[in-house]
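A.B. asks: Predicted model and sequence below, questions to follow.
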Amino acid sequence: MRTAYLDTLYDLAHKDSRVYALISDNGAIVYDKYRKDLADQYLNFGISEANMLGAAAGMASCGKIPYAYTIGAFLAYRAYEFIRNDICLQKQNVKIVGTGAGEVYSALGPTHHATEDLGGLQSLPNLTILCPASPMEVKKATVAAYHLEGPVYLRLGTNKEPEIYTDDYTFEVGKGVTVKEGDDVTLISFGSMVKDVLEAACLLSQDGIQARVINMHTMKPLDRELILQAIEETGKIITIEDHNIIGGLGSAVAGVIAESGRGVKFKRLGLKGFSNGYGTYEQVKNKNGIGLKQICDEVKTIVR
Amino acid sequence: MDNLEELKKISADIRKTIYTIAHHAGGGHMGSAYSMADIISVLYFGDVLRYDASNPDWNKRDRFILSKGHACYALYAVLAKAGYFDEEELLHVGQDDSKFGGHPKIHDIPGVEASTGALGHGLSFSIGIAYANKADGNDSHVYVILGDGECQEGSVWEGALSAPSLQLDNLTVLIDHNKLQAMDRLENIVSMAPLADKWKSFGWNVIEIDGHNHLEIRKALLARATGKPTLIIANTVKGKGVSFMENTPIWHYRMPNEQELPILMEELGLSKEDLE
């Protein structure tokens, strides 16, 4: 995802001199070609996330389109008031790009995990939140953010996500995508977890459970219609996210279900506390209740 | 600035307006506004800031960011006097039908360049503007006023490090150094001394002035140093212009009572009619 983002931003910056790549001392090597070819549109603010976002807002007030990038946990927690007051309140055209969504920096531990970022950010007015699931979707989301006048939070994973789309995929902000059809239950996810959920859905089909899978790449504004359709057509809903179940995708979907007036079986699968343990991303997900087997078990429980 | 006396008269008028706003609003940070009343008067009426009130979005304008947003009555008063909006509108600040609140908001109020109020934001925002202006070859200057208590915010020092690194000599930061914060004197809470040495050591062009001397203020606001941002420490008196407010922490927010009001009116030259 990271490479897809950087390549896309590089192209955007080449075409439009208003586009700036701002960083907070993160991604040394990957920005080499920016330093070489786009030195005037690249700026490393050093280890000062708040200053970077405040300055990004000031730049945007002069017509620039800054993409401010660093580890999502540092942006969403340390610099939250700058996102709120300088960017969202003032409707400044800043793209806030957080890498390492959820626990993808598995071995680095909870200080580097963005597992509560959406809790604060999704309540911020004027902020669009995009959580793409694959490299191609990252490219399209990065371009969509450029065309969208106003604040955007782009939540990126790491560099290892497989492609789940073909070249003809169209991305539309605010429109979730049904990536697998099914009528027994609907699984809603986003970001790096979508590939796991698709894998789980394949395994479940071998057990005779046909799970619908929705990639809710836009966390905000949420595609209520698609959720309401799933409520009508499959009844049972499970959200799966690498984020705390409070304030994340599960909370948002729960709100839609509650307001729909329909009593459906519903389960939020995600973190219930700080991330626990180290290891590979797969190992850490297993330790924290969002591994492949746990997803399958949860689906079986709710379906039966 | 040909006429110093005229400029002093403008400062006196601004002080009157500040109280008039507070009087109708029923509150406000008057001490903080009075502290910087002379500074902001010189900025807008001493041939310093380049602006066109009839075209607030003019690309070539200098920008002023009031980082200590709680002192916005001073900003509202100068913006009205400069012609951004009718002064009559300031009789309804903070009220149901007003676009003016206790802290300034961009977009809502012509001439306001940033929504401030939470302290420690204005410097970074201004760095972004100064950087963008340089990138565009735009010779506009950026002015920021910080409170001295505000400098206790860590983010101020991120900006203090950043601006010299970016060689933003199109940026002037003025610290309204009245030595008081909301609860007490700075030195009794978190001392900022030696303030000038701190900024000098960060690489700023530091100038220290009497923040109520119009000539000194103007000279400092027009000072530039190639490759370096300028930092003005303006030594001021919180509540300046109203004897019982001066240097008294309680006037960070308080309103005058029945005994105090006539004294204030006399010292500022306000009549009963002015407050109707």
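C.D. replies: Perfect, thanks for sending it.

A.B. asks: what does chain A have sitting close to chain B?
C.D. replies: Residues of chain A found near chain B (C-beta under 8 Å from any C-beta of the partner chain) are A:40, A:43, A:45-46, A:48, A:50-64, A:66, A:81-82, A:85-86, A:89-91. In this view, the C-beta of every residue, glycine as well, is placed from N, C-alpha and C.

A.B. asks: Mind checking which of these are buried?
C.D. replies: A:43, A:45, A:48, A:50-62, A:64, A:66, A:82, A:85-86, A:89-91 (16 or more other C-beta atoms under 10 Å in any protein chain shown).

A.B. asks: neighbours around residue A:284, how many?
C.D. replies: 24 (other C-beta atoms under 10 Å in any protein chain shown).

A.B. asks: nearest residue to it other than its sequence neighbours?
C.D. replies: residue A:106 (3.9 Å; C-beta to C-beta, 6 or more residues apart in numbering or on different chains).

A.B. asks: Same check on residue B:112?
C.D. replies: residue B:104 (4.5 Å).

A.B. asks: what helix or strand does the one you found sit in?
C.D. replies: Using DSSP states H and E, residue B:104 sits within no helix or strand.

A.B. asks: roughly how far apart are it and residue B:130?
C.D. replies: Counting by C-beta to C-beta, to the nearest Å, the gap from residue B:104 to residue B:130 is 20 Å.

A.B. asks: These two - which one has more neighbours?
C.D. replies: residue B:130 (29 against 25).

A.B. asks: Can you name the element that comes right after the strand or helix carrying that one?
C.D. replies: For residue B:130, the host element (DSSP H and E) is helix B:122-136. Using DSSP H and E, the helix or strand that directly follows helix B:122-136 along the chain is strand B:142-147.

A.B. asks: The helix or strand that that next one is followed by: which residues count as buried?
C.D. replies: Next helix or strand after strand B:142-147 toward the C-terminus (DSSP H and E): helix B:154-165. Neighbour-count burial for helix B:154-165 flags B:155-164 (criterion: 16+ other C-beta under 10 Å).

A.B. asks: now do stretch B:193-202
C.D. replies: Here stretch B:193-202 shows B:195-196, B:198-199, B:202 as buried, counting by 16+ other C-beta under 10 Å.

A.B. asks: Over to stretch B:93-111?
C.D. replies: B:93, B:100-106, B:109-111.

A.B. asks: Likewise for stretch A:264-273?
C.D. replies: Neighbour count says stretch A:264-273 has A:264, A:266-271 buried, by 16+ other C-beta under 10 Å.

A.B. asks: how long is it from one end to the other?
C.D. replies: End-to-end distance of stretch A:264-273 (C-alpha to C-alpha, to the nearest Å): 26 Å.

A.B. asks: so how far is it from its chain's centroid?
C.D. replies: What separates the centre of stretch A:264-273 from the centre of its chain is 18 Å, taken as C-alpha atoms, centre = their mean, to the nearest Å.

A.B. asks: Spell out which parts of the stretch 101-250 of chain B neighbour chain A.
C.D. replies: B:105-107, B:113-118, B:121, B:123-133, B:135-136, B:154-155, B:158-159, B:161-162, B:165.

A.B. asks: circling back to that earlier point, now do the buried residues in the helix holding residue B:130.
C.D. replies: B:122-135.

A.B. asks: What's the biggest helix in chain B, counting residues?
C.D. replies: helix B:4-25 (DSSP state H).

A.B. asks: Who are the packing partners of that one?
C.D. replies: If contacts are counted by 3 or more C-beta pairs under 8 Å, 6 or more residues apart in numbering or on different chains; DSSP states H and E, helix B:4-25 sits against helix B:30-35, helix B:37-45, helix B:72-82, helix B:214-221, helix B:260-268.
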